[in-house]
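Based on what follows, work out the 3D shape:
(one chain, ligands or ions: 1)
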Amino acid sequence: MFQKVFRKEVFPFYRQSDAMDCGPTCLKMIAAHHGRVYPLQYLRNACRISRQGVTFADMMAAAEQLGFKTLPAELPFTVLAKKAPLPCILHWNKQHFVVLYRITETAVYVADPALGRQSRYSLPEFMAAWQLDPGSGYGRALFLEPTAAFYAAPEVAETKASLQALWPYLRAHRKRLSPVLMTLLLASGFALLTPLLTQAIVDKGIQNRQISLILLICAGQLALFLGRMLSEFVRARLLLRIGARVSTAMLKAFLHKLLRLPLSFFDNRQAGDNMQRVTDNQRVEDFLTTSLVSFVLSVVTILVLGVLLLYYHWQVFVLFMLGGAAGIWWNHAFRERRGRLDQKRFGVLAANQDMLLEMFGAMQEIKLTGSEARKTRQWEDIQEQAITVKLESLRLDQLVQGVSSFINETRNVLVTCFAAVLVVNGQLTLGAMLAVTYTCGQLSAPVAQLTDFIRAMQNTRFSLRRMAEVHQEADEDTPQLQHLAGDAVTGKDIRLQNVSFRYGHRHSPLVLRHVNLLIPAGKVTAIVGMSGSGKTTLLKLLLKFYPPQEGDILLEDTSLQDFSAESWRRHCGVVMQDGYVFRDTIAGNVFAGDTEKNYERLYEACRMACIHDFFASLPFGYETLIGKDGYGLSEGQVQRLLLARLIYRNPSIVLLDEATNSLDAHNERAILRNLEQFFTGKTVVVVAHRLSTVKHADQILVMDKGAIVESGTHAGLSASRGAYYQLVKNQLELGK
Ligand SMILES: Nc1ncnc2c1ncn2[C@@H]1O[C@H](COP(=O)(O)OP(=O)(O)OP(=O)(O)O)[C@@H](O)[C@H]1O
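Numbers count the residues shown, from 1 in each chain. Model prediction:
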């Protein structure tokens with residue numbers, strides 16, 4: 001009745017790197033199934049992923065770009081089971097995408113980029129996650145069929161994430177690596193000598209009744225123990241240094257890279273995804289200092305003790321190794337299930353953390369809206385999920401550990417039993433039997449550690465891939481771009497030619513539509529318009545935070561795209577609506593990126609921003625710590641601080657976005673008077689809702705739905721009784 005898809009090969013599975021990557025990762029799996037492996041970043045770009053993830057339409061556009069024929073459908077399960085060509089992409093729990101690759105009469109197999117390769121669902125479980133409305137039986141799917149263009153498309157190199165990436169960082173510490181290796185060799189030498197000494201006590205000391213020999217051997221054992229402890233101490237210290245240095249170097253490279261990336265990179269990712277990459281760094285450090293070292297130690301110990309066991313009796317050796325292999329196989333068999341549970345636990349922990357952060361951060365709002373009970377309920381739901389996951393983990397651990405211990409114990413008993421028989425038959429001395437059982441005991445831990453190492457290596461490779469993805473992103477500035485030095489922008493007009501722009505998806509609405517305008521040098525241009533009309537976006541384009549999707553922005557005759565963003569922004573002084581106060585002193589906040597710390601200019605800037613008296617009156621004056629966790633400032637004080645920062649910077653181009661809207665009328669009047677003098681000779685763009693801020697501008701532009709609908713002076717626009725006049729009447733605050 002149901003379509004059966006038998007495949008000998010394993011369905012290619014890839015795990016998503018970031019919270020919103022499920023769509024591109026599904027595409028990657030399907031393309032890989034048809035024989036082409038694309039880097040995730042390439043597919044992310046093709047999907048035009050945003051912080052909200054991707055839609056079916058985005059995936060279709062990307063898939064068509066890869067050479068697939070696409071068909072989106074809303075269909076009942078019976079049709080999906082009977083007729084659908086697999087694999088296909090499914091909309092899952094209304095917020096996620098997965099790949100469906102196999103349906104049997106009783107189960108549905110799904111590759112879930114967030115969970116793991118083989119998520120097997122019973123039909124009711126599957127329907128609960130797939131169907132659009134409970135009981136409707138319908139769900140959404142995207143079918144992809146490769147065309148000739150798919151196979152003819154040029155290869156795109158896959159993101160490299162081999163452990164070799166660690167070598168450049170390790171190389172810098174190669175002088176410290178040789179002592180580490182020495183301690184490892186010493187440790188295995190000690191491990192080798194101990195069973196030999198045990199045998200000597202029994203076979204030579206006890207049998208020949210030589211007390212002095214027994215004492216000597218015991219003293220030797222004590223010396224071995226001390227030697228082993230000392231080498232472990234030295235190794236731990238060396239490793240801590242290497243691990244910490246390598247980790248700092250990697251994190252530094254990562255943060256440097258982040259700071260060089262364009263703002264759109266951060267728009268398309270959730271903050272947690274970047275934090276996760278910082279955690280990845282910790283994972284790599286743990287791998288280098290713990291897993292890798294214990295792996296090398298395990299391998300050396302297994303080799304040395306294995307040879308010893310072989311020397312004593314080859315059959316004992318084979319018996320032990322068979323038992324060890326069975327234990328490893330058993331642990332390995334549950335690797336994927338463990339991985340899935342880990343992901344689930346990680347998800348619940350993250351949800352718990354987000355929930356608590358929101359509760360602490362929004363305490364005022366919770367009390368005001370009476371949401372205490374609702375928030376507590378939400379928290380309790382998360383705890384329930386956590387308990388379920390913990391129980392599931394415990395059950396799995398008990399099964400894996402229990403059977404593992406059973407295998408190990410059975411192996412040890414069999415080895416002891418077999419060795420005892422050999423002693424009885426005179427094929428092994430009693431001392432050798434003790435040495436054999438001791439050796440087997442010493443071998444158990446290293447054999448078990450091999451499985452842990454495999455898991456740690458896979459996780460580390462995944463972390464390295466996630467970090468490599470960031471390193472492969474294109475920088476905001478390239479060396480070819482022109483550097484704007486000194487007064488290179490002074491006296492030059494800025495011109496927007498037919499500029500259009502949209503955020504995120506290719507299907508998102510245009511936020512700026514064919515904008516043409518001139519921002520004259522040395523003059524004040526004011527932009528007014530309804531909320532959401534695109535004023536802030538226009539400023540962001542002027543700041544090169546985003547490139548226009550159509551048209552161009554020119555400084556005199558040169559496109560802004562030809563200048564390095566960093567050098568362009570050095571000429572711009574900006575107060576944005578959501579300007580940020582750093583966790584720093586007041587002076588540090590005003591100096592911000594400026595390297596010249598001139599206190600006279602600092603006081604003057606704060607005087608012009610009408611905030612000097614307040615700052616000076618604080619017990620620690622300009623050295624008062626502000627920002628998060630520091631001395632609290634009112635919104636108006638924050639705005640004045642941001643204005644002081646701008647004045648101190650003394651740029652050629654000034655961009656203000658609602659920079660005075662939180663000020664009282666008295667302060668605003670005084671500051672505007674001061675700013676008028678400060679603006680002289682500068683190119684100024686002011687976005688404001690208050691008439692008092694805009695009416696003296698040399699030119700006023702009125703924006704509506706992303707377009708400039710009117711321009712002129714206050715007098716001219718008021719007289720023409722158009723959009724500006726209406727805005728003044730209905731929207732603009734008349735300024736008290
Ligand atoms: N980062 C973003 N991602 C997606 N859409 C955005 C983003 N920022 C702004 N928008 C959208 O772009 C449109 C224009 O926003 P913009 O902030 O430029 O308007 P505005 O005229 O400055 O509004 P206001 O006067 O309220 O500040 C809005 O519809 C907004 O939802």
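
what does the stretch 151-300 of the chain put close to the ligand?
Within the stretch 151-300 of the chain, the positions near the ligand by C-beta under 6 Å from any ligand atom are residue 267. In this view, the C-beta of every residue, glycine as well, is placed from N, C-alpha and C.

low pLDDT regions in the stretch 151-300 of the chain?
159-161, 270-272 (pLDDT under 70).

so how many other residues sit close to the closest residue to the ligand within it?
Nearest residue of the stretch 151-300 of the chain to the ligand, counting by C-beta to the nearest ligand atom: residue 267, 5.3 Å away. A count of neighbours around residue 267, defined by other C-beta atoms under 10 Å, yields 13.

OK, contacts around it?
Residue 267 makes contacts with 50-51, 503-504, as judged by C-beta atoms under 8 Å, 6 or more residues apart in numbering.

Report the two of those residues separated the most.
Within these, 51 and 503 form the most distant pair, 9.6 Å apart (C-beta to C-beta).

mind listing the strands for the stretch 551-700 of the chain?
For the stretch 551-700 of the chain, the strands defined by DSSP state E, counting those that start in this stretch cover 558-559, 572-575, 584-585, 625-626, 653-657, 683-687, 699-704.

can you put those in a markdown table and add distance to residue 516, mean neighbour count and mean pLDDT?
Listed next are the strands of the stretch 551-700 of the chain as a markdown table, based on distance: least, C-beta to C-beta, whole Å; neighbours: other C-beta atoms under 10 Å; pLDDT from 0 to 100:
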| stretch | distance to residue 516 | mean neighbour count | mean pLDDT |
| --- | --- | --- | --- |
| strand 558-559 | 15 | 13 | 92 |
| strand 572-575 | 21 | 22 | 93 |
| strand 584-585 | 41 | 17 | 91 |
| strand 625-626 | 42 | 18 | 88 |
| strand 653-657 | 19 | 23 | 94 |
| strand 683-687 | 15 | 25 | 94 |
| strand 699-704 | 11 | 22 | 94 |
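
okay, the ones you listed in a markdown table with distance to residue 289 next?
Listed next are these as a markdown table, based on distance: least, C-beta to C-beta, whole Å:
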| stretch | distance to residue 289 |
| --- | --- |
| strand 558-559 | 49 |
| strand 572-575 | 44 |
| strand 584-585 | 34 |
| strand 625-626 | 36 |
| strand 653-657 | 48 |
| strand 683-687 | 52 |
| strand 699-704 | 56 |
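
that older thread, from the contacts of residue 267, pick out the ones that also neighbour the ligand.
503-504.

Can you add neighbour count, secondary structure and distance to residue 253 and give the contacts of residue 267 back as a markdown table?
Shown next, in a markdown table, are the contacts of residue 267 (neighbours: other C-beta atoms under 10 Å; DSSP: H, G, I helix; E, B strand; the rest coil; distance: C-beta to C-beta, whole Å):
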| residue | neighbour count | secondary structure | distance to residue 253 |
| --- | --- | --- | --- |
| 50 | 18 | strand | 27 |
| 51 | 16 | coil | 25 |
| 503 | 16 | coil | 29 |
| 504 | 17 | coil | 29 |
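
Could you show which parts of this structure are in contact with the ligand?
Taking C-beta under 6 Å from any ligand atom, the part of the chain that reaches the ligand is made up of 267, 503-504, 511, 529, 531-537.
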